[in-house]
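sequence unknown, structure follows:
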């Protein structure tokens, strides 16, 4: 964040990655949505974007055109212009955006304000990394891949706007470092702990079966496990046959938000009301969880809805 005036500050982010789906247009749109998510997770309003492209010089330019068209479509949905960009020759395609946004100083959200008794809310179900990895090997069903793509394409614009009405104590987006990785970052910054019931975490269709049952592991999952496993205690009985680390430590795309509401029940209920009353409503169950410090017992466990946006 860079403060310009007493009432205005810039927020700037950048993100890009290789294709995770086969269709170039869809890949471009997913990458753009992911790039925008960091600004939304800060409570900011995106205003411009720059394309960042790596593309093989010997590949058909029609593919690159579709990638850029997908990104442009998603930028248009977010209401921002793409004002330029940069392209390099690279053996593996990569695409993303540098996004500039605005936020009011003192009103920005960080991941460091979580407090005992706060409620956590997911804006989307998790499991995109597992499903897209399975799809590369022909092991994901068409329905599961379709649901994962719809989730990754969904902007967090509606969730961010709802959060402005009911400001969270802390917020982060969930991407490559997984649910537990980003949650760990929030808790570490806030000097707090959390108890998570994995049976209540919303998963995309077939994510559990592919991850735990068929042991599909995205490339980043092993790294996430080595980084964060020391900070997680798996309580016996929370799962049937497999530890839930496949889903909870799987890298995600599409930028899921993890807002942290103040502990009073009305705070969570009010945010949910704003989310569900938005013109782009959400559906499917979500979750919240109690937060506690080392000197306090767990305060409460409460579950809300909603993560994935309805496509109807």
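Arrived safely, thanks for sending. This structure is a prediction, so every number in the text was calculated from the model and none was measured. Residues are numbered from 1 along each chain as shown.

dump the residue contacts of residue 113.
168-170, 190, 260 (C-beta atoms under 8 Å, 6 or more residues apart in numbering). The way it works is simple: take the backbone N, C-alpha and C, and place the C-beta from them, glycine included.

For those, work out which two are farthest apart.
168 and 190 (12.0 Å; C-beta to C-beta).

In terms of packing, which of these two has more residues around it?
Taking other C-beta atoms under 10 Å, residue 168 and residue 190 do not tie; residue 168 has more neighbours (26 against 22).

Got the confidence number for that one?
Here, the pLDDT recorded for residue 168 equals 82.

same thing with residue 116?
Residue 116 is given a pLDDT of 77.

Specify the local secondary structure of it.
coil (DSSP: H, G, I helix; E, B strand; the rest coil).

any chance you could map the strands in the stretch 101-250 of the chain?
119-120, 173-174, 193-194 (DSSP state E, counting those that start in this stretch).

Export the contacts of residue 113 to JSON lines and append columns for distance to residue 213.
Listed next are the contacts of residue 113 as JSON lines, based on distance: C-beta to C-beta, whole Å:
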{"residue": "168", "distance to residue 213": "35"}
{"residue": "169", "distance to residue 213": "37"}
{"residue": "170", "distance to residue 213": "34"}
{"residue": "190", "distance to residue 213": "34"}
{"residue": "260", "distance to residue 213": "32"}
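
Out of the strands of the stretch 101-250 of the chain, which is closest to residue 110?
strand 173-174 (12.3 Å).

average pLDDT for that closest one?
pLDDT averaged over strand 173-174 gives 82.

Tell me which other helices or strands it touches.
helix 24-41, strand 256-257 (3 or more C-beta pairs under 8 Å, 6 or more residues apart in numbering; DSSP states H and E).

Give me the buried positions along the helix or strand just after the longest one.
Right, helix 24-41. Going down the chain from helix 24-41, the next helix or strand is strand 45-55, by DSSP states H and E. Neighbour counts using 16 or more other C-beta atoms under 10 Å place 45-55 of strand 45-55 among the buried residues.
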